[in-house]
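Enquirer: quick one, structure for this:
(2 chains)
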Amino acid sequence: MLDRRLIREEPETIREALRKRGYEFDLDELIGVEQQRRELLEMVESRRAQRNEISEEIGRLIKEGGDAEPLKAQSTALGEAIAQSEEELRQVEERFEQLMLELPNIPLDEVPAGATEEDNVVMYSQGEIRRFEFTPLGHWELGVRLGILDFSVAANQAGARFVTDIGAGSALERALINFMLDTHTRQHGYTEVLPPFLANERSCYGTANLPKFEEDLFKTTDGLYLIPTAEVPLTNMQQDEILAAEELPKCYTAYTACFRSEAGAAGKETRGLIRVHQFHKVELMKFVKPEQADEELEKLVNNAEAIIQALELPYRRAHLCTGDMGFQPRQTFDLEGYFPGMDRWLELSSCSQYGDFQARRCNTRYRPEPEAKPQFVHTMNGSGLACGRTMAAILENYQQENGTVVIPDALRPYMGGLVEITPPLP
RNA sequence: GGAGGGGUGGCCGAGUGGACGAAGGCGGCGGUCUUGAAAACCGCUGUGCCGCAAGGCACCGGGGGUUCGAAUCCCUCCCCCUCCGCCA
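Expert: Purely as a prediction, here's the structure:
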C-alpha cells in the first residue's frame, strides 16, 4: 500500500510508475474517491462535534434539574443525519481502500525499464559452466532413475505437480535445509524462526498476496491460507508494533514448506521440481530503517549467493525490469542457477525490497529517536534458497556419465559423509 | 469438543453510563540536588485521521446494538488463561 498522501500530492509519480510497469489502473477514479472521502469526512466530523457538545449540555442540564428534552430531540435528529453521512462515507471509504490495495508499488529509479523477462539486465555470472562429455539429463529423469524422486507416487497420494522425495533424495533436501539455516544463522546473523505454515487473511493482506492474488493461494475450509512463502509469516512478525531504532535491522530466516496453486501455469517450465504445488524454501527477511534499505538488500543478496557459491553451482544475477517485477516490490534481484539438463537459467532466489509498502499494511513502525514520531520500517526478503530447485540444480550439475550424482563438499557433513548417490541395483 | 475466567496506553493495573484519552505504579525523557552516580523531589511522556492554523474527530481485542451520551449495558466473533475430554 502506498502513502495516501501521494494520491493528492504526487499523482504524477504514481501515473509514471503505472506506465513503467505497464499496469492497468484507473488512477483518476482513485483521485476522485480520495477527494470525496475527505469532504465527507469533514462533514461527518463537524456534525459529530456538534452532537458531542449537545450531549455535554444535556448532562449539565440534568444535573442542574433543568429540562433536557428539547436538546435530546435535537441530538436525536442530528444523530440521524450523522448516520446517513456515515453510511455514505463508509461506502466511499470502502471503495478507496479497495483501490489502494490494488495499486502496485512504485519502482526505484534505478530499476531497468522494460516490459518482459527479456528486458531484465544480467549483472554478472559466477562459477564455471561444466562441459559434459555426454548429454546431461534433466533432474526429473536423474531423480527417477536414482530412485530418489517419485512423481507418480506423489500423484497417487496428492495429485499432479507434487513430488515425493525418497531415501537419499529426502536426505539431500533435508541436508540443504539444514545447511542453509546453519549458514544464515551462524555466519550471516539471522534469527531462525519456524512459523505456522497457515496464515490468516490479515497476514496475507500484509504481504499483499491478498486481495489481488487469491487465485494463487490454497485456502482451507475455515478461511486460513496455506503460505505461498515464509515471507508471509516473517513479514507479519511485528504486526502493529513500534520497534526501537536499535532493533533495526532485524533479520529473520525460516524454513517452511510453500504452497502455490499455480493456476494457469503450464508448459516446459513445469517439468520435474521446477513448478510444483508444494516446495521447500529457506527464506531471508529483514526489517530495516529506510536509509539502510539498499545496503541491507545488497547484503541479503550476497547471503543468498553465499549458498550457491558454497554448493559450487554456476549462477548469474539479474536485475528485474519494471515490467517483470511483481506487484509488491520496488526492486528485485534474481539469482538464477544454470541447469545443464535443460540448458536453462532458472531462478533459485528472488530478492526484493518493498520500501514501506508492506510495513504500511502490517502496521510495523519504528521510532527513529526515543521521542520521535513512529515511522514505517522498510521490509525486504529473498530466498536463501528454494530447496527443490537447488536440489534439481545439484542433480543436473553434479551428474556423472555412469548415472551417479556426486554430493557437493559442503553438504557431505550433513549427509553422514555420503560422497555420491548411486542408482539402486536392478 | 465441554465448563469457567479474562482482554484497558511501551509494560503492570484501576475504572461508578456523563467531569475518562482514561487513576495509580513501572519504564522513558528533561530538570533540581550531587565532584559523579544512586536515592529523593518536580515536570513531561499513546496512536491515527481531517485542517494553513485554531482546533476537531476516532480509538479501552474486532464488529454490531441500546442510549441524548458507552471503556462501562446487550449481542456476536476473535484471542489468551484454568479445569475436563480427545490427540502427535
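Enquirer: near RNA strand B at all, the helix or strand harbouring A:E29?
Expert: If you go by DSSP states H and E, A:E29 is part of helix A:27-64. Yes - using CB under 7 Å from any atom of the strand, helix A:27-64 reaches RNA strand B at A:38, A:41-42, A:44-46, A:48-49, A:51-56, A:58-59, A:62-63. Glycine gets a C-beta too; all of them are placed from N, C-alpha and C.
Enquirer: give me every residue that touches A:Y124.
Expert: Residues near A:Y124 by CB atoms under 8 Å, 6 or more residues apart in numbering: A:R316, A:R317.
Enquirer: quick check: bridge partners of it?
Expert: On the basis of DSSP bridges, A:Y124 is bridged to A:R317.
Enquirer: count the neighbours of A:A304 for me.
Expert: A:A304: 29 surrounding residues under other CB atoms under 10 Å.
Enquirer: so which bits of the stretch 201-350 of chain A are right by RNA strand B?
Expert: Within the stretch 201-350 of chain A, the residues that sit near RNA strand B (CB under 7 Å from any atom of the strand) are A:I242.
Enquirer: tell me where the stretch 201-350 of chain A has helices.
Expert: For the stretch 201-350 of chain A, the helices defined by DSSP state H, counting those that start in this stretch occupy A:201-206, A:231-235, A:293-310.
Enquirer: quick check, the residue in the stretch 151-300 of chain A closest to RNA strand B?
Expert: Using CB to the nearest atom of the strand, the closest approach of the stretch 151-300 of chain A to RNA strand B is made by A:I242 at 6.2 Å.
Enquirer: that residue - how many residues pack around it?
Expert: Close neighbours of A:I242, defined as other CB under 10 Å, add up to 13.
Enquirer: thought it was touching A:P374?
Expert: Yes - A:I242 is in contact with A:P374 according to CB atoms under 8 Å; the separation is 4.8 Å.
Enquirer: what sits in contact with each of those two?
Expert: A:R365, A:Y366, A:R367.
Enquirer: now for the second one, how many residues are close by?
Expert: So that's A:Y366. 25.
Enquirer: and the next element down the chain from the strand or helix carrying it?
Expert: With elements taken from DSSP H and E, the one containing A:Y366 is strand A:365-367. Toward the C-terminus, strand A:365-367 is succeeded by strand A:375-376 as the next helix or strand (DSSP H and E).
Enquirer: after that following strand comes which helix or strand?
Expert: With DSSP H and E, the next secondary element past strand A:375-376 is strand A:378-386.
Enquirer: direction included, what does that next one pair up with?
Expert: Taking DSSP bridges as the criterion, strand A:378-386 forms sheet pairs with strand A:278-288 (antiparallel), strand A:344-355 (antiparallel).
Enquirer: isn't A:L418 right up against A:A168?
Expert: Yes - counting by CB under 8 Å, A:A168 is a contact partner of A:L418 at 7.0 Å.
Enquirer: returning to what we had before: what pairs with the strand holding A:Y366, parallel or antiparallel?
Expert: strand A:242-244 (parallel), strand A:375-376 (antiparallel).
Enquirer: any idea how far the nearest residue to A:R316 once chain neighbours are set aside is from RNA strand B?
Expert: The shortest distance from A:R316 to any non-neighbouring residue, by CB to CB, 6 or more residues apart in numbering, is to A:S125 (3.9 Å). Note on A:S125: its distance to RNA strand B, by CB to the nearest atom of the strand, to the nearest Å, is 45 Å.
Enquirer: how far away is A:S125 from A:T13?
Expert: Distance from A:S125 to A:T13, counting by CB to CB, to the nearest Å: 35 Å.
Enquirer: those two: which is more packed in?
Expert: Neighbours per residue, other CB under 10 Å: of A:S125 and A:T13, the larger number sits with A:S125, 15 against 12.
Enquirer: that one contacts A:P314, doesn't it?
Expert: Yes - using CB under 8 Å, A:S125 makes contact with A:P314 at a distance of 7.1 Å.
Enquirer: now the strands paired with strand A:378-386 in a markdown table, with mean pLDDT?
Expert: Shown next, in a markdown table, are the strands paired with strand A:378-386 (pLDDT from 0 to 100):
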| stretch | mean pLDDT |
| --- | --- |
| strand A:278-288 | 96 |
| strand A:344-355 | 96 |
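Enquirer: any idea which of these is most buried?
Expert: When you average the neighbours per residue for each of these (mean count of other CB atoms under 10 Å), strand A:278-288 leads with a mean of 25.
Enquirer: now the angle from it to helix A:293-310?
Expert: 140 degrees (axes from the mean of the first three to the mean of the last three CA atoms, to 10 degrees).
Enquirer: how far away from the center of its chain is the helix or strand bottoming out on mean pLDDT in chain A?
Expert: When the helices and strands of chain A are compared on mean pLDDT, DSSP states H and E, strand A:242-244 comes out lowest with a mean of 84. Put simply, strand A:242-244 sits 22 Å off its chain's centre (CA atoms, centre = their mean, to the nearest Å).
Enquirer: give me the contacts around that strand.
Expert: Strand A:242-244 is contacted from outside by A:K250, A:F287, A:T364, A:R365, A:Y366, A:R367, A:P374, A:V377, using CB under 8 Å, 6+ apart.
Enquirer: check contacts around the residue nearest the centre of chain A.
Expert: The residue lying closest to the centre of chain A (CA atoms, centre = their mean) is A:E231, at 4.7 Å. Going by CB under 8 Å, 6+ apart, A:E231 touches A:T207, A:E283, A:M285, A:N381.
Enquirer: how about A:L210?
Expert: A:E201, A:C204, A:L217, A:Y225.
Enquirer: what sits against A:R367?
Expert: Taking CB under 8 Å, 6+ apart as the contact definition, A:R367 lies against A:I242, A:L243, A:A244, A:A245, A:K373, A:P374, A:Q375.
Enquirer: follow-up on the earlier one: and the least confident of the contacts of strand A:242-244?
Expert: For these, the weakest pLDDT value sits at A:R367, with 83.
Enquirer: what's the farthest-apart pair in the contacts of strand A:242-244?
Expert: Pairwise distances across those (CB to CB) peak at 15.3 Å, for the pair A:K250 and A:P374.
Enquirer: between those two, which one's more packed in?
Expert: Using other CB under 10 Å, the more surrounded residue of A:K250 and A:P374 is A:K250, with 18 against 14.
Enquirer: my read: the more buried one touches A:F287, true?
Expert: Yes - taking contacts as CB under 8 Å, A:K250 lies within contact range of A:F287: 4.3 Å.
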